[in-house]
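A.B. asks: Just need the structure, nothing else, for what follows:
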Amino acid sequence: KFLYPEISLDEDEKVVALAKKAAQKLGLGVELTSTGGGSDAAIVNGNNIRCANLGTGMSNVHTRDEYIKVKDLVDDAELVVAIIQQYLADMP
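C.D. replies: Numbers count the residues shown, from 1 in each chain. Predicted coordinates:
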């Protein structure tokens with residue numbers, strides 16, 4: 001048995017389109033890809049709430065030398081804010 005549910009999102013799903021649109025508005029590159037392993041997004045999706053898993057720009061993940069550049073961390077925070085703003089802007 002797996003510890004984390006599998007995530008399978010289509011490119012045209014609302015949560016994917018929302019994150020992609022917000023990233024593009026910030027001038028951030030967007031790459032849609034498949035990954036393995038566990039994530040918070042997997043747990044959320046496992047509870048039937050659609051959630052995109054956002055890459056954070058981390059390096060040497062799950063090692064003693066794991067790190068993230070300050071610029072990537074700032075970009076991540078700005079992306080979360082932009083996603084929320086885009087969600088609110090798209091509301092009827």
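A.B. asks: how about the helices in this protein?
C.D. replies: Secondary structure of the chain (DSSP state H): helices at 14-25, 40-46, 70-90.
A.B. asks: The longest one packs against which elements?
C.D. replies: Helices and strands touching helix 70-90, as assessed by 3 or more CB pairs under 8 Å, 6 or more residues apart in numbering; DSSP states H and E, comprise helix 14-25. Yep, even glycine has a C-beta here, placed from its N, CA and C like the rest.
A.B. asks: so what does the helix it packs on touch, helix or strand wise?
C.D. replies: By 3+ CB pairs under 8 Å, 6+ apart, helix 14-25 packs against helix 70-90.
A.B. asks: CA atoms of the helix it packs on as CSV?
C.D. replies: Taking Å, rounded to 0.1, in the frame of the first residue of the first chain, the C-alpha atoms of helix 70-90 are listed here in CSV:
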residue,chain,number,x,y,z
VAL,A,70,16.2,33.0,-1.7
LYS,A,71,14.9,34.2,-5.1
ASP,A,72,13.1,30.9,-5.7
LEU,A,73,11.5,31.1,-2.2
VAL,A,74,10.3,34.7,-2.9
ASP,A,75,9.0,33.6,-6.4
ASP,A,76,7.1,30.8,-4.7
ALA,A,77,5.5,33.1,-2.2
GLU,A,78,4.6,35.6,-4.9
LEU,A,79,3.1,32.7,-7.0
VAL,A,80,0.9,31.6,-4.1
VAL,A,81,-0.4,35.2,-3.8
ALA,A,82,-0.9,35.5,-7.5
ILE,A,83,-2.9,32.2,-7.6
ILE,A,84,-5.2,33.5,-4.8
GLN,A,85,-5.6,36.8,-6.6
GLN,A,86,-6.4,35.0,-9.9
TYR,A,87,-8.9,32.7,-8.2
LEU,A,88,-10.7,35.8,-6.7
ALA,A,89,-10.6,37.6,-10.1
ASP,A,90,-12.2,34.6,-11.8
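A.B. asks: got the contact list for that helix?
C.D. replies: The contact list for helix 70-90 (CB atoms under 8 Å, 6 or more residues apart in numbering) reads 18-19, 21-23, 25-26, 28, 54, 56-58.
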